[in-house]
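1. Fold the following.
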Amino acid sequence: MASIAAAAALASGAGGTATASASAIAEQMMMGREYAALGSYETALTYMEAAAAAMLRAAKEDEAPGAHDTWMAARQQCQMEARLLRELVKELGALRRAPGTDAGVEGGAYAEAKGITGGEAELVELIERDILERDPGVRFEDIAGLEEAKGLIQEAVVLPLVIPGYFTGIRRPWRGVLMFGPPGTGKTLLAKAVATECETTFFAVSSSTLTSKWRGESEKMVRILFDMARHYAPSTIFIDEIDSLASARGGSSEHEASRRVKTELLVQMDGVASSAATKASCGDAGSDGEEAAAGPQVVVLAASNLPWELDEAFRRRLEKRIYIPLPAQADREALFRLNLRSVVLADDVDLASLAARTEGFSGSDLTNLSRDAAMMAMRRILAGLREEGLPLAEFALRVKAVQEETKPPVTQQDLEDALRKCSSSVGGSDLERFEKWMDEFGSA
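-> Sure, this is the predicted structure:
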C-alpha cells in the first residue's frame, strides 16, 4: 500500500493529468478490494487488472524523477493481489465444473451460487429457461459451404478457446464478432457451431427476450446475462438481429428505456473487451501466458441483416466484422446434397445443373426448395390413395404402408417443379448495400 501511496504523492506533485491518473487508479484499487471483500472475485479481478494496466501506462508516460520505479513498485503490489484473486476465481471455476455437474448449468444453479432471491431470481430463471443452452448440437460439417467464413470464425473465436495460452499479448482474442449478410445465409448456425465445437455454454439472445414492460428490468436482465456468462465461462453470448437492440442512439424517436438498455449493453460488452485487453497488457509486461489467458472467457457473437443501422459504439466493440455472403455455385450444390441426404434420389437428378440455376438464392431459400421437392413424392402417393368418404385414420395407415413399401425417390422433375414455385428472397440492391458496407466497415 505504501508504494501506491508514494506513486499517488509523486503524481500529485506533478499535477494535471498525472494527478487525475493517480486518482483513477486509486479508485480502481479501492473498488477491487471492496468487491473482493463482498466475495465478487471476478469483478474484483477485473478492477485490479485494469489498475495494473493503468500503472504500466503511467510508468511509461510520467516523466517526473523516480516516477517510473515508483509506479512499477506499485504495479507489482497490485499484480500480487490480482494473482491471488485469479487463483480464487480458478478454484471456484473448478468447483463449478466438478464431474457430473455438467458445468453447473442446471436450473437455479447460478441463483443459488450467488445467493440471489426475489425479482432477480425470476430474471435468472427466465434466462436459464429461454436463453441458456448447453449443447446446440450443430457442427461446422453440418453447414454447407461458407469455408472462408468458417475459417475466419475458427481463427477469431474457436482457436482462442481451444489454445488460450497462445492468444495473449497482441494476439489476444477478439471479444466481439459481428456476422452480417443477407437473411438465411447461416449466421445463427455458425454461432451454434462455435458453441458446440468449443463446448461452451451458449446464450441465445434476441431483442424480445431482453424487453420488459417494467422500468429497469431490461437493463437488469442484460447485466445478469453477462454475469451468468462469466459464471458459466467459457461462454458464447449470441445476439441475433442485434440491429434491433443496438440501433443508432440520439434520434428524436428513441425511447428512454431503449437508450438505457443500449447503455447497459455497451458497458457490459466493454467489460468483456477491456478484460481481455487488460490481460494482454499484463502479459506484455512480463506475466506468463497462462496468467494472461486466465479468467472468465466470454465471447459476444452478433448477427445482423441490417448492419448499417448499428450504432457506431456497438460497431467499435464488435471488433471483428465478417461478411456472410450468399452461397456460391459449389456451395449451393453441397447444400442441396446436405438437405437431400435423408431421401432417395432418382438416377436422373442433376444437382449441379440445379445449383447453376439458383444464383442469388440464400441457404434458407435452397432449404425450402429442397423440402418442397422432397414432398412431391408424398403428394403423388396422396393423389393415388384419396377416396371420398375414407376416414382420416385409415387414409393415414394406407399412406404409411405404401410409403414404407415403395420409398418413392425424389426425381429431377420434382426439383424442377419446386424451383418454379420458389424464388430468391434477396434483392440485387440489397447485395450491393452489403458489399458497400463491407468495403467501408468490414474487418475480415
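2. Which strands or helices does the helix or strand containing Thr188 pack on?
-> Per DSSP states H and E: Thr188 is located in helix 187-198. Counting contacts by 3 or more CB pairs under 8 Å, 6 or more residues apart in numbering; DSSP states H and E, helix 187-198 is packed against helix 147-153, strand 176-180, strand 201-205, strand 235-239, strand 298-304. C-beta coordinates here come from the backbone N, C-alpha and C atoms, glycine included.
3. Could you rerun that using 6 Å?
-> The contact analysis (3 or more CB pairs under 6 Å, 6 or more residues apart in numbering; DSSP states H and E) places helix 187-198 against strand 235-239.
4. helices or strands up against the strand it packs on?
-> The contact analysis (3+ CB pairs under 6 Å, 6+ apart) places strand 235-239 against helix 187-198, strand 201-205, strand 298-304.
5. most packed of those?
-> Ranked by mean neighbour count, those are led by strand 298-304 with a mean of 27 (mean count of other CB atoms under 10 Å).
6. by how many degrees do it and strand 201-205 diverge?
-> 30 degrees (axes from the mean of the first three to the mean of the last three CA atoms, to 10 degrees).
7. low-confidence ranges in the stretch 101-250 of the chain?
-> Of all residues in the stretch 101-250 of the chain, those with pLDDT under 70 make up the ranges 101-119, 130, 134, 212-216, 250.
8. could you redo the last one with a cut-off of 90?
-> Along the stretch 101-250 of the chain, the model assigns pLDDT under 90 to residues 101-177, 184-237, 239-250.
9. Tell me which residues of stretch 120-137 come out buried.
-> Glu120, Ala121, Leu123, Val124, Leu126, Ile127, Glu128, Ile131, Leu132, Glu133, Arg134, Pro136 (16 or more other CB atoms under 10 Å).
10. Next one: the fourth one from Met72, what distance?
-> In this case it means Val124. Distance of Val124 to Met72, computed by CB to CB, to the nearest Å: 42 Å.
11. residue ranges for the helices of the stretch 151-300 of the chain, please.
-> Here the stretch 151-300 of the chain has its helices, by DSSP state H, counting those that start in this stretch, at 159-162, 187-198, 217-231, 256-284, 289-293.
12. Out of those helices, the one nearest Leu245 is which?
-> Closest of these to Leu245 is helix 256-284, at 6.7 Å (criterion: CB to CB).
13. what is the rounded mean pLDDT of the closest one?
-> Average pLDDT, helix 256-284: 66.
14. rewinding a little: now render the helices of the stretch 151-300 of the chain as a markdown table, adding distance to Ala346.
-> Formatted as a markdown table, those follow (distance: least, CB to CB, whole Å):
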| stretch | distance to Ala346 |
| --- | --- |
| helix 159-162 | 43 |
| helix 187-198 | 29 |
| helix 217-231 | 49 |
| helix 256-284 | 51 |
| helix 289-293 | 54 |
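15. closest one to Glu61 among those?
-> Per CB to CB, nearest to Glu61 of the helices of the stretch 151-300 of the chain: helix 256-284, 13.8 Å.
16. got a list of what the spatially most central residue of the chain touches?
-> The centre of the chain sits closest to Leu301, judged by CA atoms, centre = their mean, with a distance of 2.3 Å. Residues counted as contacts of Leu301 (CB atoms under 6 Å, 6 or more residues apart in numbering) are Val177, Ala191, Thr236, Phe238.
17. Find the nearest non-adjacent residue to the last one, please.
-> Using CB to CB, 6 or more residues apart in numbering and skipping residues adjacent in sequence, the residue nearest Phe238 is Ala191, 4.2 Å away.
18. Distance of the one you found relative to Ser23?
-> Note on Ala191: its distance to Ser23, by CB to CB, is 41 Å.
19. next one: Ala346
-> As for Ala346, its distance to Ser23 is 77 Å (criterion: CB to CB).
20. and if you look at Met30?
-> In terms of CB to CB, Met30 sits 11 Å off from Ser23.
21. Repeat that for Phe140.
-> If you go by CB to CB, the gap between Phe140 and Ser23 works out to 49 Å.
22. Comparing these two, which shows the higher neighbour count?
-> Phe140 (18 against 13; other CB atoms under 10 Å).
23. In this structure Ala58 contacts Met72, no?
-> No - checked against CB atoms under 6 Å, the pair Ala58 and Met72 is beyond contact range at 9.6 Å.
24. neighbour count winner among those two?
-> Neighbours per residue (other CB under 10 Å) separate Ala58 from Met72, with Ala58 holding more: 25 against 16.
25. which other helices and strands contact the helix or strand hosting that one?
-> Using DSSP H and E, Ala58 maps to helix 41-61. Helix 41-61 sits against helix 17-37, helix 67-96, helix 256-284, with contacts defined as 3+ CB pairs under 6 Å, 6+ apart.
26. Quick one: residues in contact with stretch 25-34.
-> In contact with stretch 25-34 (CB under 6 Å, 6+ apart) are residues Ala8, Ala44, Tyr47, Met48, Ala50, Ala51, Ala54.
27. quick revisit: please report the distance of the residue nearest to the centre of the chain from Leu178.
-> Taking CB to CB, one finds Leu301 at 8 Å from Leu178.
28. just Gly427 next, same as before
-> Distance from Gly427 to Leu178, by CB to CB: 22 Å.
29. of the two, who's got more company?
-> Leu178 (28 against 11).
30. Report the contact partners of that one.
-> By CB under 6 Å, 6+ apart, the contact set of Leu178 is Ala302, Leu318, Arg321.
31. switch the cut-off to 8 Å
-> Ile242, Ala302, Ala303, Ser304, Pro307, Leu310, Arg315, Leu318, Lys320, Arg321, Ile322 (CB atoms under 8 Å, 6 or more residues apart in numbering).
32. tell me the pLDDT at the residue nearest to it when sequence neighbours are not counted?
-> Excluding the flanking residues, the one nearest Leu178 by CB to CB, 6+ apart is Leu318, at 3.9 Å. Predicted confidence (pLDDT) at Leu318: the value is 89.
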